[in-house]
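> Provide a 3D model corresponding to the input given below.
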Amino acid sequence: MACKHRELSVEENLERWERMLAGEYEEGEAVLRIKTDMRHEDPAMRDWVAFRILKREHPRVGDRFCVWPTLDFESAIEDHLLGITHILRGKDLQKSEGRQRFIYRYFGWKYPVTILWGKIKVAEFGKFSTSELRRRIERGEFEGWDDPRLPTIRALRRRGFQPEAIRKFLLSLGVSQADIAVSMKNLYAENRKIVDAFAPRYFFVHNPQKMTIKGFTEKTVKAQKHPERQEFREINTKNVVFISESDFRKLKVGMRIRLKFLCDVEVESVKPLVARVVSEKHAEESGEEGGGGDHRRKPIIHWAPTESIEVRVKKPDGTVDEGLGEPLIASELGKVVQFERYAFVRIDAVSEDGKKVVAYFTH
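Take a look at the predicted model:
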């Protein structure tokens, strides 16, 4: 039904408009409408609201204004002023085009070419909305917009995703009005191609188990930082190292394993975990893992040195993996690295003494 103010004179409408601008009306007390056809087949096109009152602080202009345009009016005017020729928008905003075209026809402007696309559902996150995410952040359920559990650009950046990977991922989806569902695995694949080429390798041991090595003296070993480059890092360790719980569970007395870049050992007891050195022959300095006859038949596992640092890895499912890592991890603050046999991560925080690190799980 038509609003009772619809037939007011031009003079009276202008007088009320000035009162709006002067702040004489409160929020919700008055709006400015675009006068259209009240018999239009689409109710969304009938006398739609172009300006409303919002008496609140604006992040850029403070309280200078109290009357603000709606999305459809603002976008129509701004697109014209900016010379926009093509509009890419979600099909859920299809109604906006009709309202904006009304303004363009009135001023005699040429409307841009519009391309609509359907909803994109990310399988790992299901349905989500920014307004709901904001409420949950304000309630303290998430650390902020860059919480690793969120599907936001900020969160992806903090986890170590590269801009080009996100761009390629989105371009691969194409532009279609059909609703589609995609998996984060597609984005992981794109990002892996990029970070694998530059990310340095380090040892991180999840749920560490102590191993004492008989016949081993203090030693500094050279470990390759990247399999395709002749760059090395140094790891100093004594006769105690730490291995991951997953590797520990597979060990049996008499079993021979290779501690990568370090030595071959034979397990003498599991509880406590004690092993003896079988061979320290290796070819790591030439950039090749291995050494000593039958090394290819032995499991090769990673380890953390005697003097390790504490590492916590925050994961997108909300869990945290805790463990130990080699000290040089602390030198990679803000960078993406690969924890060997674990995952790519981004080093997010390092304590002042360099002995505690927080990393964000990438993939």
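> My understanding was that Thr237 contacts Pro305; is that so?
Yes. Distance between Thr237 and Pro305: 3.6 Å, which falls inside the contact criterion (Cβ atoms under 8 Å). Every C-beta, even on glycine, is put in place using the N, C-alpha and C of the backbone.
> which neighbours do these two share?
Common neighbours of Thr237 and Pro305 (criterion: Cβ atoms under 8 Å, 6 or more residues apart in numbering): none identified.
> buried sites along stretch 186-200?
For stretch 186-200, burial by neighbour count (16 or more other Cβ atoms under 10 Å) applies to 187-188, 190-192, 194-195, 199-200.
> Equivalent analysis for stretch 111-123, please.
By 16+ other Cβ under 10 Å, the buried positions in stretch 111-123 come out as 111-112, 116-117.
> now, which of the residues you listed lie within strands?
In strands, judged by DSSP state E, the following of these are found: 116-117.
> Out of the buried residues of stretch 111-123, which comes closest to Asp72?
Asp72 has its nearest neighbour among the buried residues of stretch 111-123 in Tyr111, at 13.0 Å by Cβ to Cβ.
> Give me the phi and psi for Ala44.
phi -70, psi -20 (degrees, to the nearest 10).
> tell me the SS of the closest residue to it other than its chain neighbours?
The spatially closest residue to Ala44, leaving aside those adjacent along the chain, is Lys95, at 4.8 Å (Cβ to Cβ, 6 or more residues apart in numbering). What DSSP: H, G, I helix; E, B strand; the rest coil gives for Lys95 is helix.
> let's number from 12 now, not from 1
Shifting the count to begin at 12 puts that one at Lys106.
> I'd like the distance between Lys106 and Asp53.
7 Å (Cβ to Cβ, to the nearest Å).
> Check Val216 too.
Val216 is 63 Å from Asp53, where distance means Cβ to Cβ.
> Have a look at these two and say which one is more surrounded.
It is Val216, of Val216 and Asp53, that has more neighbours when counted by other Cβ atoms under 10 Å, with 28 against 11.
> would you say the more buried one is within a strand?
Yes. Checked against three-state DSSP, Val216 lies within a strand.
> Now do the same contact list for it.
Val216 is in contact with 253-255, 313-315, 319, 334-336, counting by Cβ under 8 Å, 6+ apart.
> Go through these and name the one nearest Val285.
Comparing these against Val285 with Cβ to Cβ picks out Ile254 as the nearest, at 12.5 Å.
> so that closest one bridges to which residues?
On the basis of DSSP bridges, Ile254 takes part in beta bridges with Gln220.
> Hmm, Asp157 and Ile148 touching each other?
No. The pair Ile148 and Asp157 does not pass the contact test of Cβ under 8 Å, sitting 10.2 Å apart.
> Glu35 versus the residue nearest to Gly34 when sequence neighbours are not counted, what's the distance?
Spatially, and ignoring its direct neighbours in sequence, Gly34 is nearest to Cys77 (4.9 Å; Cβ to Cβ, 6+ apart). Counting by Cβ to Cβ, the separation of Cys77 from Glu35 is 10 Å.
> and the two? which has more neighbours close in?
In this view Cys77 and Glu35 are compared by other Cβ under 10 Å, and Cys77 has more residues nearby, 19 against 13.
> pLDDT wise, what is that one at?
On the pLDDT scale, Cys77 is placed at 96.
> Next, the residue positioned nearest the centre of the chain: phi, psi?
The geometric centre of the chain, computed from its C-alpha atoms, lies nearest to Leu167 (Cα atoms, centre = their mean), at 1.2 Å. Phi and psi for Leu167, reported as degrees, to the nearest 10, are phi -60, psi -40.
> Apart from its chain neighbours, what residue comes closest to it?
On the basis of Cβ to Cβ, 6+ apart, the spatially nearest residue to Leu167 that is not a chain neighbour turns out to be Ile177, at 6.5 Å.
> Point me to the helix or strand that includes that neighbour.
Assigned by DSSP states H and E, Ile177 belongs to helix 174-184.
> averaged over its residues, what pLDDT does that helix have?
Helix 174-184 shows a mean pLDDT of 93 in the predicted model.
> re the thing from before, okay, the buried residues of stretch 122-134 in a markdown table with distance to Arg67 and pLDDT next?
As requested, the buried residues of stretch 122-134 are arranged in a markdown table below (distance: Cβ to Cβ, whole Å; pLDDT from 0 to 100):
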| residue | distance to Arg67 | pLDDT |
| --- | --- | --- |
| Tyr122 | 32 | 96 |
| Pro123 | 32 | 96 |
| Leu127 | 32 | 91 |
| Trp128 | 33 | 88 |
